[in-house]
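> Structure of the sequence below:
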Amino acid sequence: MAITLTKGQRIDLKKQDGAKLTNFCVGVNWGAIVTKGGFLRASKTTNVDLDLSCIVIDDQNNMCDFLYSPLYQTAWLAQRGLRPGKLKTEDNALQHSGDDLQGDKGGDDGLDNEIITVDLSKISSKATQIFFFLNNVNKEDFSQIPYAKIRMYDGTPKLVKEVVASYNVAAEPQYSGKRAMIMGKLYKRDGTWKFNAIGEPTNDDNFTETIKRILTSYVRG
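Residues are numbered from 1 along each chain as shown. Next up, the predicted model:
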């Protein structure tokens, strides 16, 4: 049975049979918002654009790599000291599935909308921490977004073999009124990678604020 993560919880990266988990996915699933119609009024569907991102921290506590949407404007990023977004890290250890701008329409299809695949065997030797975080581009808070859930699982973006751990974001009261979340971090301890569920909701207006928050408050944690 998958672990339902709680804030601050630390877990070993293992499958149910005890085997070490070295290749896995971190995925986010959500639906578009449907407002039911009434007499002479049609139902309305509002797209929801959540962005799953991550940053990689080296042994000097500096950000050495990252994954975030290539759709972000280059000039806007340059003003904030960040490079254009990309979907694969330099060591090919982490790969993003791409930016979903809408969410599921017509109900939950059982697959995540944005996924970062992780191969721990390929991660650069200088990497010591990998932070995963989530931002809503629009104005809805997490409580308004249908079945918003984050999970770690063995498998591929199109085939979930075994869910290892999950957050049910939409159902948790601490995420009500929040549009951003520092999900957690992979961290290397004595040569072994583990996971710390940070689960910190924030009021960040965009992902650059979340990155700054991580670098300021969480990298040395």
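
> Any stretches of the protein with poor pLDDT?
Where the chain drops to pLDDT under 70, the residues are 1, 38-40, 221.

> Now the residue most central in space within it: closest residue in space that isn't a chain neighbour?
In the chain, the residue lying closest to the centroid (Cα atoms, centre = their mean) is residue 52, at 3.9 Å. The shortest distance from residue 52 to any residue other than its chain neighbours is 4.2 Å, reached at residue 114 (Cβ to Cβ, 6 or more residues apart in numbering). All C-beta spots, glycine's among them, are computed from the backbone N, C-alpha and C.

> Can you tell me how far the one you found is from residue 49?
Computed as Cβ to Cβ, to the nearest Å, the residue 114 to residue 49 distance reads 10 Å.

> Kindly report the same for residue 202.
Distance, residue 202 to residue 49, using Cβ to Cβ: 17 Å.

> what does residue 10 give?
Residue 10 sits 31 Å away from residue 49, going by Cβ to Cβ.

> Neighbour count for these two, which is higher?
Comparing residue 10 with residue 49 by other Cβ atoms under 10 Å, the one with more neighbours is residue 49, at 20 against 11.

> ranges for the strands of the protein?
For the chain, the strands defined by DSSP state E occupy 3-4, 10-12, 23-29, 33-35, 44-46, 50-58, 63-67, 94-96, 114-119, 127-136, 149-156, 159-167, 180-189, 192-202.

> Tell me which of these sits nearest to residue 107.
strand 33-35 (9.5 Å; Cβ to Cβ).

> strand partners of that closest one, parallel vs antiparallel please.
Here strand 33-35 is paired, per DSSP bridges, with strand 44-46 (antiparallel).

> Other residues contacting the partner strand?
32, 33, 34, 35, 37, 105, 140 (Cβ atoms under 8 Å, 6 or more residues apart in numbering).

> Just give the number of residues close to the closest residue to the fifth one other than its chain neighbours.
Beyond its immediate neighbours in the sequence, the residue positioned closest to residue 37 (Cβ to Cβ, 6+ apart) is residue 43, lying 4.2 Å away. The local packing of residue 43 (other Cβ under 10 Å) involves 9 other residues.

> could you list every residue that touches residue 43?
34, 35, 36, 37.

> Is it possible to get JSON lines of those that adds distance to residue 164?
Below are the contacts of residue 43 laid out as JSON lines (distance: Cβ to Cβ, whole Å):
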{"residue": "34", "distance to residue 164": "31"}
{"residue": "35", "distance to residue 164": "35"}
{"residue": "36", "distance to residue 164": "36"}
{"residue": "37", "distance to residue 164": "40"}
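
> most surrounded residue in those residues?
Highest neighbour count within the contacts of residue 43, by other Cβ under 10 Å: residue 34, with 14 neighbours.

> What spatial separation is found between the residue lying closest to that one once chain neighbours are set aside and residue 9?
Using Cβ to Cβ, 6+ apart and skipping the chain neighbours, the partner closest in space to residue 34 is residue 45 (5.3 Å). Counting by Cβ to Cβ, the gap between residue 45 and residue 9 amounts to 35 Å.

> For the closest residue to residue 130 other than its chain neighbours, give the beta-bridge partners.
Closest residue to residue 130 apart from its sequence neighbours, by Cβ to Cβ, 6+ apart: residue 186 at 4.3 Å. Going by DSSP bridges, residue 186 is paired in beta bridges with residue 130, residue 195.

> what's residue 186 in contact with, if anything?
13, 118, 129, 130, 132, 193, 194, 195.
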